[in-house]
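Peer 1: no sequence for this one, just the structure:
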């Protein structure tokens, strides 16, 4: 679809009214191209304008949380609204499998488990309660230190009354951390099981926060970065200052819980499946068999044979006497 400059300016005004952030990106690209193609036709895909997708990590297409206006952290349950997989600004359907479902209260979870910045003192917190969170697969723990209370992602070892500690120093000799305590990933020994890992130091955990997940510290690179093995068998190199929690995320049997009914599936903000797709289990038809063993084909090369013939060799001739002797 070819558009002129006047048509492109009208589309730019529409984009500016729909989404100001995306119009800024278009403004940085268009001026140079529009000035260079004056009086010419320019091809433009109109569906690419303001077309977000779930992988851009800009919006949550399932529900919208109403945070306090002052921005201060609170453990009070916040109001939330299901947006059914639609874009919060344009209202277009982005996630086709997301439904309305039930609208429970939102628990504001703190993903920052770093200790004091001086690197000497240790932050200690006591677990007050481990409870179910309807908005995530893992359990959450209500912990407190003096007068400060907050929600964090619980590990399998957290119980009522247990003490968890947060460290920020990297010692010369790597240590084996206690499950539930947080350390910089550079302070842990190779082979340690970790979860709740940061991707950027101080930005909160992004890796291994789902129920039952855990990773392994594999090795240390020459530049000082630590290699972390994820459950997907992928390896990531992280800054040694990235914070990690020792142990495994709580609720490891989350994937084994049966949904039970279509009504509960709707409660979980998902559309029921049509039932047309069925896995080929071999019940009706061809059986699924293991593939044959791998064959290694080796190409045979003809060997050259050199034959040497000598004129003096061969079968011996019969000797005939020259005279007739009488014995």
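Peer 2: Good, I have the coordinates. Everything quoted here is computed from the prediction, not taken from an experiment.

Peer 1: do you have the strands of the stretch 101-250 of the chain handy? List them.
Peer 2: Counting by DSSP state E, counting those that start in this stretch, the segments of the stretch 101-250 of the chain that form strands are 123-131, 140-145, 148-153, 163-166, 182-184, 193-195, 197-198, 205-207, 215-220, 226-229, 235-238, 243-246.

Peer 1: need the ones you listed in JSON lines (columns: mean neighbour count).
Peer 2: C-betas here are computed from N, CA, C, even on glycine. Shown next, in JSON lines, are the strands of the stretch 101-250 of the chain (neighbours: other C-beta atoms under 10 Å):
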{"stretch": "strand 123-131", "mean neighbour count": "15"}
{"stretch": "strand 140-145", "mean neighbour count": "19"}
{"stretch": "strand 148-153", "mean neighbour count": "18"}
{"stretch": "strand 163-166", "mean neighbour count": "18"}
{"stretch": "strand 182-184", "mean neighbour count": "25"}
{"stretch": "strand 193-195", "mean neighbour count": "22"}
{"stretch": "strand 197-198", "mean neighbour count": "24"}
{"stretch": "strand 205-207", "mean neighbour count": "19"}
{"stretch": "strand 215-220", "mean neighbour count": "18"}
{"stretch": "strand 226-229", "mean neighbour count": "19"}
{"stretch": "strand 235-238", "mean neighbour count": "16"}
{"stretch": "strand 243-246", "mean neighbour count": "26"}
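
Peer 1: how about those strands in JSON lines, adding distance to residue 94 and mean pLDDT?
Peer 2: Putting the strands of the stretch 101-250 of the chain into JSON lines (distance: least, C-beta to C-beta, whole Å; pLDDT from 0 to 100) gives the following:
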{"stretch": "strand 123-131", "distance to residue 94": "31", "mean pLDDT": "95"}
{"stretch": "strand 140-145", "distance to residue 94": "27", "mean pLDDT": "95"}
{"stretch": "strand 148-153", "distance to residue 94": "27", "mean pLDDT": "95"}
{"stretch": "strand 163-166", "distance to residue 94": "37", "mean pLDDT": "95"}
{"stretch": "strand 182-184", "distance to residue 94": "35", "mean pLDDT": "95"}
{"stretch": "strand 193-195", "distance to residue 94": "30", "mean pLDDT": "96"}
{"stretch": "strand 197-198", "distance to residue 94": "28", "mean pLDDT": "94"}
{"stretch": "strand 205-207", "distance to residue 94": "22", "mean pLDDT": "92"}
{"stretch": "strand 215-220", "distance to residue 94": "30", "mean pLDDT": "95"}
{"stretch": "strand 226-229", "distance to residue 94": "31", "mean pLDDT": "94"}
{"stretch": "strand 235-238", "distance to residue 94": "28", "mean pLDDT": "94"}
{"stretch": "strand 243-246", "distance to residue 94": "32", "mean pLDDT": "96"}
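
Peer 1: any idea which of these gets closest to residue 71?
Peer 2: Of all the strands of the stretch 101-250 of the chain, it is strand 148-153 that lies closest to residue 71, at 15.0 Å by C-beta to C-beta.

Peer 1: and the closest one, what does it pack against?
Peer 2: For strand 148-153, the packing partners by 3 or more C-beta pairs under 8 Å, 6 or more residues apart in numbering; DSSP states H and E come out as strand 140-145.

Peer 1: contacts for the strand it packs on, please.
Peer 2: The set of residues that contact strand 140-145 without belonging to it, under C-beta atoms under 8 Å, 6 or more residues apart in numbering, is 75, 107, 109, 123-133, 149-154, 158, 164.

Peer 1: again, 10 Å this time
Peer 2: Strand 140-145 is touched from outside by 75, 107, 109-110, 123-133, 149-155, 158-160, 162-164, 166, 180, 250, with contacts defined as C-beta atoms under 10 Å, 6 or more residues apart in numbering.

Peer 1: hmm, back to that, could I get the strands of the stretch 101-250 of the chain as CSV with distance to residue 93?
Peer 2: Below are the strands of the stretch 101-250 of the chain laid out as CSV (distance: least, C-beta to C-beta, whole Å):
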stretch, distance to residue 93
strand 123-131, 33
strand 140-145, 30
strand 148-153, 31
strand 163-166, 42
strand 182-184, 40
strand 193-195, 34
strand 197-198, 33
strand 205-207, 27
strand 215-220, 35
strand 226-229, 36
strand 235-238, 33
strand 243-246, 37
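
Peer 1: for these, which one sits closest to residue 95?
Peer 2: Going by C-beta to C-beta, the one of the strands of the stretch 101-250 of the chain nearest residue 95 is strand 205-207, 20.4 Å.
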